[in-house]
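>>> here is my input, please return the structure:
(2 chains)
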There are 2 protein chains.
Amino acid sequence: MDRQTLINTIRAKQSFLCVGLDPDPARIPAHLGSGTEAILAFNRAIIEATSDLAVAYKPNVAFYEALGPEGWNVLSETMKAIPEGCLRIADAKRGDIGNTATRYAQAAFEAWGADAVTVAPYMGRDSVEPFLAFEDKWTILLAATSNPGAEDFEFHGVDHGAPLWRRVLEVSQQYKGAERLMYVVGATRPEWLSEVREVVPDRFLLVPGVGAQGGTLSAVCQAGWSAPLAGGLLVNVGRSLLYASSGEDFAEAARKEALRIQNAMAEELMTSR
Amino acid sequence: MDRQTLINTIRAKQSFLCVGLDPDPARIPAHLGSGTEAILAFNRAIIEATSDLAVAYKPNVAFYEALGPEGWNVLSETMKAIPEGCLRIADAKRGDIGNTATRYAQAAFEAWGADAVTVAPYMGRDSVEPFLAFEDKWTILLAATSNPGAEDFEFHGVDHGAPLWRRVLEVSQQYKGAERLMYVVGATRPEWLSEVREVVPDRFLLVPGVGAQGGTLSAVCQAGWSAPLAGGLLVNVGRSLLYASSGEDFAEAARKEALRIQNAMAEELMTSR
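Purely as a prediction, here's the structure:
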């Protein structure tokens, strides 16, 4: 999905909601049964109930890997269940070099059918460019995450006193294919988002941490938009939507939560112009 | 496999050879046929031909993921083909937080049957400790890699002017379960190995880059040993062994190359005492 299509979709749906598909086997509603079949049925129902309100879905690959060999089919089938107009993000946080990176990219973009994949920057250029070589795909690089451990390295000053995550933004802008980069920036400290926008005014940002982790949508939008949508946002919501109900009405409850978020997003889109 | 067992194995075999299992479908000898069956047959033959000379095997997970759903079975079956006395390393370079990291650890240690997994440090403590929580398993953290892109971030100075990789060593030593850490350190610049040994005299290091990438075994050993094997080395050799011959004698040729390396390692072990 190219940039203009993504922007058009956001305008048409009045939404920049990304639904995180992290299906925890212990939290799948009991009436769906158990095992990988139940997980796939759960994902399909969530997607069907929310696909007019979301612009992206983000299966977290770890949750599928942990299911063993069958997990791979659940992941591919989940990707297939996401309608054409929505961005399919494989949240894989891969990071390796050269022909190994190319193989991770092939797995994500070809074997799983993703439009985008999250990638870790630690090993540098030759661990990122093999993903960027896929011309119609997106690479979403980890920058400033909102977990406590981010203090260990991401927020430590490098050469000029700027934090490592800022160097990641700056250096990666020089990579071949950088126009196909997005970045992961956590929602919990909106002041980072403003600083991110100084460095990459035109890139899309994938923002987790709204809701459950304490970030608010309006603070994220105030700090993270660059008008007119050139540097857009994709705000990820996971558990609060997936597990809005543990009963037979889980899909309805998920839709209700998605609608609540989409309404708030429509407001933000209105005031951002 | 615990530390003492690993040290005993190194002494008994007079080897610290790790065989990297990165099977490239395009380089599998023609007589084995094609597809995932051929890859598994190739891996099994390589393992059988070298297992008295190697102390570890390291399947590179990307090569299996890129095969699609069947790749996962090839990975598990390859792990099963590695004899009990050898360390099974899943080279996965995973890095995500909290319960996601736990799921990656479950995939590696339980679904694939690995004894050790490589992990990326970018997200910090809560992306590493979930792996360290598995008490009889090893977590091998990326520190100073030898690819050109390592200059982008790993080799940049952080707070006190030391490079990021040094901070990774120092900070990770404070993590809960740090006694189950090893580190990846490239072979191409032995002076890094000496500096690594200043910070972590007692940890095992997994060292790729000997041979194909230009590092020499004697330089690596001179800089990287800490006697008496307390901080040991595992030196990875991949392509030069796997593809020593493209004919029907590929396993014999791989054994010959493994034997050549093991002989050189035995020399190094002798002189290190």
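
>>> touching, A:A253 and A:A244? I think so.
Yes - look at A:A253 against A:A244 with Cβ atoms under 8 Å: they come within range, at 3.8 Å. To be clear about C-beta, it is placed using only N, CA and C from the backbone, and glycine gets the same treatment.

>>> hey, what's in contact with both of the two?
Counting by Cβ atoms under 8 Å, 6 or more residues apart in numbering or on different chains, A:A253 and A:A244 have no shared contacts at all.

>>> from chain B, how far out is A:T5?
27 Å (Cβ to the nearest Cβ, to the nearest Å).

>>> tally of neighbours for that residue?
By other Cβ atoms under 10 Å in any protein chain shown, the residues close to A:T5 number 11.

>>> so what does the host helix or strand of it touch, helix or strand wise?
In this assignment (DSSP states H and E), A:T5 forms part of helix A:3-13. Secondary-structure packing of helix A:3-13 (3 or more Cβ pairs under 8 Å, 6 or more residues apart in numbering or on different chains; DSSP states H and E): helix A:250-271.

>>> still on that earlier bit, residues in contact with the next helix-or-strand element following the helix holding A:T5?
Using DSSP H and E, the helix or strand that follows helix A:3-13 towards the C-terminus is strand A:17-21. Contacts to strand A:17-21, defined as Cβ under 8 Å, 6+ apart, come from residues A:43, A:46-47, A:50, A:53-60, A:63, A:78, A:87, A:89, A:91, A:206, A:208, A:234-239, A:241-242, A:258, A:261-262, A:265.

>>> again, only this time at 6 Å
For strand A:17-21, contacts defined as Cβ atoms under 6 Å, 6 or more residues apart in numbering or on different chains pick out A:N43, A:T50, A:A54, A:A56, A:Y57, A:K58, A:P59, A:L234, A:N236, A:G238, A:I261, A:Q262.

>>> related to what we said a few turns ago, export the helix holding A:T5 to CSV, keeping only CA atoms.
Below are the C-alpha coordinates for helix A:3-13, written out as CSV (Å, rounded to 0.1, in the frame of the first residue of the first chain):
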residue,chain,number,x,y,z
ARG,A,3,1.7,6.5,1.0
GLN,A,4,-1.1,8.3,-0.8
THR,A,5,-3.5,5.3,-0.6
LEU,A,6,-2.8,5.1,3.2
ILE,A,7,-3.5,8.8,3.6
ASN,A,8,-6.7,8.5,1.5
THR,A,9,-7.8,5.6,3.6
ILE,A,10,-7.2,7.6,6.8
ARG,A,11,-9.3,10.4,5.4
ALA,A,12,-12.1,8.2,4.1
LYS,A,13,-12.4,6.2,7.3
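
>>> okay, the angle between that helix and helix A:250-271?
With axes from the mean of the first three to the mean of the last three Cα atoms, to 10 degrees defining the directions, helix A:3-13 sits at 100 degrees from helix A:250-271.

>>> sorry, back to before: top of the contacts of strand A:17-21 by neighbour count?
Highest neighbour count within the contacts of strand A:17-21: A:A54, with 29 neighbours (other Cβ under 10 Å).

>>> which stretches in chain A count as strands?
All strands of chain A, identified by DSSP state E, fall at A:17-21, A:56-59, A:87-94, A:116-119, A:138-144, A:181-185, A:205-207, A:233-237.

>>> could you export those strands as a markdown table, including mean pLDDT?
Listed next are the strands of chain A as a markdown table, based on pLDDT from 0 to 100:
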| stretch | mean pLDDT |
| --- | --- |
| strand A:17-21 | 98 |
| strand A:56-59 | 98 |
| strand A:87-94 | 98 |
| strand A:116-119 | 98 |
| strand A:138-144 | 97 |
| strand A:181-185 | 97 |
| strand A:205-207 | 96 |
| strand A:233-237 | 96 |
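
>>> the helix holding A:T5 - what's its average pLDDT?
Average pLDDT, helix A:3-13: 94.

>>> now stretch A:161-176
Mean predicted lDDT for stretch A:161-176 stands at 94.

>>> can it be found next to chain B?
Yes - applying Cβ under 6 Å from any Cβ of the partner chain, one finds that stretch A:161-176 is in contact with chain B at A:V171.

>>> quick one: low-confidence parts of chain A?
A:158-160, A:212-214, A:227-230, A:273 (pLDDT under 70).

>>> ok, which residues in it are in contact with chain B?
Residues of chain A lying near chain B (Cβ under 6 Å from any Cβ): A:60, A:62-63, A:65-66, A:68-69, A:72-73, A:93, A:95-97, A:100, A:103-104, A:106-107, A:111, A:120, A:122-127, A:145, A:147-150, A:152-153, A:156-159, A:171.
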